[in-house]
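# I'll drop the sequence and a predicted model, then ask my questions.
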Amino acid sequence: MALPKPSEVSTKKGAVTADKNRVTADEKKIKDHRLEIKALEGKIQVLLDGLPKKQLDAENAEADAEEMLRSIEEEIGLSIKAMESSVLQGGTATFEAEYDKSQLPGGKLHDLHVQPLWNTGGCTIKTGDIHSETITVDTSSVQPGDYGISLSLTFI
């Protein structure tokens, strides 16, 4: 076998050095990423540790808000007024939110930053929407008179 030329030896040495440098660079990146992951895991743990209190605070705030909404409903005498309804299945029924407007600043629910929230008991709303003061529903999916309509307040 003939001896390699000095340029071939230099090329091989350069290739080895380059490959070793790529390995070292990747090992450094892996180490850096592991440190980043460890730091992120620490941040995640801090958030997880604080989560139960935040969840409890959110539940308490929601309960307080619901209590306030129910109090407003009671104070203004929120009720449902049936405007017109079909006694036959497949007809329509119209309902209106009824309440004492004199109890509200400006006489409107929106002035208090609340709005109606209809539960239609499975009936499809034909006119209005779940936040309208008046709705007309399609009664074809329920028995006559068994509409299951309810009304409450929710925040805007």
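Thanks, I have the structure now. All values derive from a computational prediction rather than experimental measurement.
# what does the helix or strand bottoming out on mean pLDDT in the chain rub up against?
The helix or strand of the chain with the poorest confidence is strand 79-85; it has a mean of 81 (mean pLDDT, DSSP states H and E). Here strand 79-85 makes contact (Cβ atoms under 8 Å, 6 or more residues apart in numbering) with 91-99, 134, 139, 145, 147, 149-151. For the C-beta atoms, the positions are set from N, CA and C on the backbone; glycine is no exception.
# Just name the closest of those residues to residue 52, please.
Checking the contacts of strand 79-85 against residue 52 by Cβ to Cβ gives residue 150 as the nearest, at 32.9 Å.
# so who does that closest one touch?
Contact analysis of residue 150 by Cβ under 8 Å, 6+ apart lists 80, 118-119, 121.
# ok, now residue 135?
94-95, 118, 120, 125, 127-129.
# How about the secondary structure of it?
strand (DSSP: H, G, I helix; E, B strand; the rest coil).
# so the residue nearest the centre of the chain is in which element?
The residue lying closest to the centre of the chain (Cα atoms, centre = their mean) is residue 58, at 13.5 Å. Residue 58 belongs to helix 6-76 when assigned by DSSP states H and E.
# and that helix, what does it pack onto?
If you count contacts as 3 or more Cβ pairs under 8 Å, 6 or more residues apart in numbering; DSSP states H and E, helix 6-76 packs onto strand 150-155.
# State the number of residues packed around residue 105.
7 (other Cβ atoms under 10 Å).
# Since that was my last question, I'll sign off now.
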